[in-house]
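Visitor: Okay, sequence plus prediction incoming.
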Amino acid sequence: MKKATIIFALIITFFMIFCLQANVFQIFTIAGVMPNLFVIFILFVSLSSNGTVGISFGVVCGLIVDLVYSKTIGITAIMLCLVGYLGAYFDRNFSKENKMTIIIMSALATVLFEFGYYILNSVIVGFEVELIYFAKILSIEVLYNILLVILFYPMIQKAGYTMDRVFKKNNILTRYF
């Protein structure tokens with residue numbers, strides 16, 4: 001029952017993030033670049049639950065975003081799926097207790113997402129790759145995402161601990177008692 005409640009809360013959170021991305025952050029751009037809240041969200045889900053939930057949310061959320069925003073269906077789903085997988089890898093191999101670790105993880109996830117999205121889009125749609133323009137956009141978006149992670153870290157950490165207890169059942173006290 002707790003898992004179903006958390007998944008329902010994650011679905012509601014996705015739609016709230018979707019509305020923020022579509023409406024609020026259209027106004028608050030830096031040099032025309034918006035943050036990618038979906039990358040942060042999928043990374044958080046994958047770090048806090050298990051890899052299957054993170055990857056599944058990545059695919060479903062990516063398909064919804066593609067259906068609404070994109071001309072090609074599936075690129076965002078593929079890339080958010082990879083972000084979910086990367087989050088599961090980070091969860092197995094790194095500690096989530098340090099704020100700097102989470103910041104580095106979100107920066108790497110943003111770079112992976114944007115680089116893969118740009119390359120796949122250039123192959124499928126067939127536009128010319130402009131590396132200097134892409135590097136400028138990528139650096140601004142990474143900094144923007146890092147700023148948002150820093151601002152929302154206490155909330156992300158608290159929600160992450162709750163999800164971690166429910167999905168992973170690795171409470172320290174229950175292991176010894």
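Guide: Structure's in. What do you need? Numbering: from 1, shown residues only.
Visitor: Once you drop chain neighbours, what's closest to the residue minimising distance to the centre of the chain?
Guide: Nearest to the geometric centre of the chain sits residue 39, at 2.3 Å (Cα atoms, centre = their mean). Leaving aside its chain neighbours, residue 39 sits nearest to residue 113 (4.9 Å; criterion: Cβ to Cβ, 6 or more residues apart in numbering). All C-beta atoms are positioned from the backbone trio N, CA, C, and that covers glycine.
Visitor: ok, that neighbour - contacts?
Guide: The contact partners of residue 113, by Cβ atoms under 8 Å, 6 or more residues apart in numbering, come to 36, 39, 79-80, 82-83.
Visitor: okay, residue 9: pLDDT?
Guide: pLDDT for residue 9: 91.
Visitor: next one: the lengthiest helix in the chain to chain centre, how far?
Guide: What stands out as the longest helix in the chain, according to DSSP state H, is helix 131-168. Relative to the centre of its chain, helix 131-168 is centred 7 Å away, using Cα atoms, centre = their mean, to the nearest Å.
Visitor: ditto for stretch 116-135
Guide: On Cα atoms, centre = their mean, the centre of stretch 116-135 falls 21 Å from the chain's centre.
Visitor: residues making contact with that stretch?
Guide: For stretch 116-135, contacts defined as Cβ under 8 Å, 6+ apart pick out 71-72, 75-76, 78-79, 82, 114.
Visitor: wait, residue 43 sits on residue 85?
Guide: No - using Cβ atoms under 8 Å, residue 43 makes no contact with residue 85, being 10.5 Å away.
Visitor: Give the residue from the two that has the larger number of neighbours.
Guide: Each of residue 43 and residue 85 has its neighbours counted (other Cβ atoms under 10 Å); residue 43 has more, 31 against 17.
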